[in-house]
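> Structure of the sequence below:
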Amino acid sequence: MNRLALALCVALCSIGIAAAADPNGYRKAYFGATKAGAFAQYVMKIEGQPDIGSTVTRLPDENGQQRVQVRIEYQAAGTQSVAFTDYVLKTGYSLETDALGYGKALVAMSVSAPGTKPTVMPAAVLDNARKTMPDYAASAVFMGDNIGGKDSGHFRYVQRHPGNPETIETGEIWLNETVPFGLVKQKAVTADANGKVVSRFEMLLVDSGNRAAPGRADSVASSTAAGPVALGDAFRSGRVELAVSVLPAGGDGRTLSIGFRNKTDSVLRLAIPAGATNLDVGSPLDTLKLVAAVATALELAPGATSKPVTLSQTGSRRAIDGAFPVTVFDGTPLFSGTATMGSVAR
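The predicted model follows:
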């Protein structure tokens, strides 16, 4: 894994922990949904940079120790890349008590990229990670409830970051006890002592759930594929996410490579019909107009992503370059990544 990927992993972990004031500083417990297999997926919007995607998952326990994995998707030199960081926590630490402040409980840490063996981080890196995880218990102030239809606790905080020069982070977080890891939204601005803004970001929840094997009597039925679901219906209902890459052929965005990810906890039989499918994907593209030369059927396991499927893009205004995931969460289309928009003659 390159240095950029490692830095992003550590930075994302630190930002997540920044939201994790001591649970006693909150009005109620927010982390009970963080069971084994639970995950929360976010998009991070950083001013002046491409969006970064992250998925935080509670892995199965090993030897009585709880584990967390952070998966990030980022752009390096114009190429979409993926990196993983795995964390092992000390015996007795409970993510259901504090699912964001686990930095103080780290006993092991490793990083990897798809298709590579994990690299175990040395003691010095681990020690630094423990020391740099901030704690906002003293400054978290309750602001109110509710965000986007979710009954979420809203807090603001101020955190000083030692250094030369020292910086001050002023931020807000929203927490909900039904969401794994608790965090629904976070935004913050970091400035120096003179008030000059150094950075700002916003992180939004785009998906959450639990991928652990069902333990109920209906476990067999829940893992069995239901009938085929048309692409448009699957997208609008939030059951599938599209990872879209614009291919250079033609130079006008006419050809797309798309991976389809099953967001549900059961097998998804996705039907891509021949002809046109229009998807409302949010700004800046608004409507993604797809055309398939032939019908395609995909059977996707829970959480699985298909091999890339080549589809055509139409419309006079379209993405002519870039790579971007699109999905729907709570009925709202969410567009992340980067896309260069252009007008194409019909």
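> Would you enumerate the residues in contact with Ser237?
Val328 (C-beta atoms under 8 Å, 6 or more residues apart in numbering). Quick note: C-beta positions are derived from backbone N, CA and C, even for glycine.
> How much space separates it from Arg269?
14 Å (C-beta to C-beta, to the nearest Å).
> ditto for Tyr30
36 Å.
> So for the two, which residue has more residues nearby?
Tyr30 (26 against 15; other C-beta atoms under 10 Å).
> Pop out the phi and psi values for that one.
phi -110, psi 0 (degrees, to the nearest 10).
> And it, what's its pLDDT?
What the model reports as pLDDT for Tyr30 is 86.
> Please determine how far it is located from Thr178.
From Tyr30 to Thr178 the distance is 9 Å (C-beta to C-beta).
> ok, now Ala76?
35 Å.
> Now Met341: closest residue in space that isn't a chain neighbour?
Computed as C-beta to C-beta, 6 or more residues apart in numbering, the closest residue to Met341 that is not its neighbour in sequence is Pro284, at 5.7 Å.
> Phi first, then psi, for that neighbour.
Taking degrees, to the nearest 10 as the convention, Pro284 sits at phi -90, psi -10.
> Does it touch Thr340 like I think?
No - the criterion here is C-beta atoms under 8 Å, and Pro284 misses it with Thr340 at 9.6 Å.
> close enough to count as contact, Val240 and Lys263?
Yes - checked against C-beta under 8 Å, the pair Val240 and Lys263 is within contact range at 6.3 Å.
> what residues are shared contacts of the two?
With C-beta under 8 Å, 6+ apart, Val240 and Lys263 have common neighbours Thr327.
> contacting residues for Ala226?
Ser266, Val267, Arg269.
> mind checking which helix or strand of this protein has the lowest mean pLDDT?
Scoring the helices and strands of the chain by mean pLDDT, DSSP states H and E places helix 219-222 at the bottom, with a mean of 35.
> counting contacts, what elements does the following helix or strand past that helix pack onto?
Sequence-wise, the next helix or strand downstream of helix 219-222 (DSSP states H and E) is strand 229-230. Packing partners of strand 229-230 (3 or more C-beta pairs under 8 Å, 6 or more residues apart in numbering; DSSP states H and E): strand 268-272.
> Can you give me the buried ones in the strand it packs on?
Leu268, Leu270, Ala271, Ile272 (16 or more other C-beta atoms under 10 Å).
> got the residue ranges for the helices in the stretch 201-346 of the chain?
Secondary structure of the stretch 201-346 of the chain (DSSP state H, counting those that start in this stretch): helices located at 219-222, 231-236.
> Can you tell me who the closest residue to Ile46 other than its chain neighbours pairs with across the strands?
Nearest non-adjacent residue to Ile46, counting by C-beta to C-beta, 6+ apart: Phe201, 4.7 Å away. Beta bridges link Phe201 to Ile46, Ala188, judged by DSSP bridges.
> What score does Phe201 have for pLDDT?
Reported pLDDT for Phe201: 90.
> do the same with Gly163
75.
> That one: what secondary structure?
coil (DSSP: H, G, I helix; E, B strand; the rest coil).
> Run a quick neighbour tally on it.
So Gly163, with other C-beta under 10 Å, has 8 neighbours.
> Give me the contact list for the host helix or strand of Pro60.
Assigning secondary structure by DSSP H and E places Pro60 in strand 52-62. Residues from elsewhere that reach strand 52-62, judged by C-beta under 8 Å, 6+ apart: 8, 12, 16, 34-44, 46, 66-74, 86, 88, 95, 99, 180-181, 203, 211-212, 325, 336-337.
> Show me the shaky parts of the stretch 101-250 of the chain.
By pLDDT under 70, the low-scoring segments of the stretch 101-250 of the chain are 134-138, 146-150, 212-225.
> 50 instead?
213-223 (pLDDT under 50).
> Strands along that one, start to end?
106-112, 119-120, 141-147, 150-161, 167-175, 183-192, 197-210, 229-230, 240-246 (DSSP state E, counting those that start in this stretch).
> So which elements touch the fifth one?
To tie it back to what came earlier, the one meant is strand 167-175. Using 3+ C-beta pairs under 8 Å, 6+ apart, strand 167-175 is in contact with strand 150-161, strand 183-192.
> most packed of these?
strand 183-192 (a mean of 19; mean count of other C-beta atoms under 10 Å).
> from memory the residue nearest to Ile46 sits against Glu172, does it?
No - contact status for Phe201 versus Glu172: not in contact, 11.7 Å apart, counting by C-beta under 8 Å.
> Between those two, which contacts overlap?
In contact with both Phe201 and Glu172: Lys187, Ala188, using C-beta under 8 Å, 6+ apart.
> ok, the residue lying closest to Phe31 once chain neighbours are set aside - contacts?
Spatial nearest neighbour of Phe31, excluding adjacent residues (C-beta to C-beta, 6+ apart): Ala99 at 3.9 Å. Going by C-beta under 8 Å, 6+ apart, Ala99 touches Ala20, Tyr30, Phe31, Thr34, Arg58, Pro180, Phe181, Gly182.
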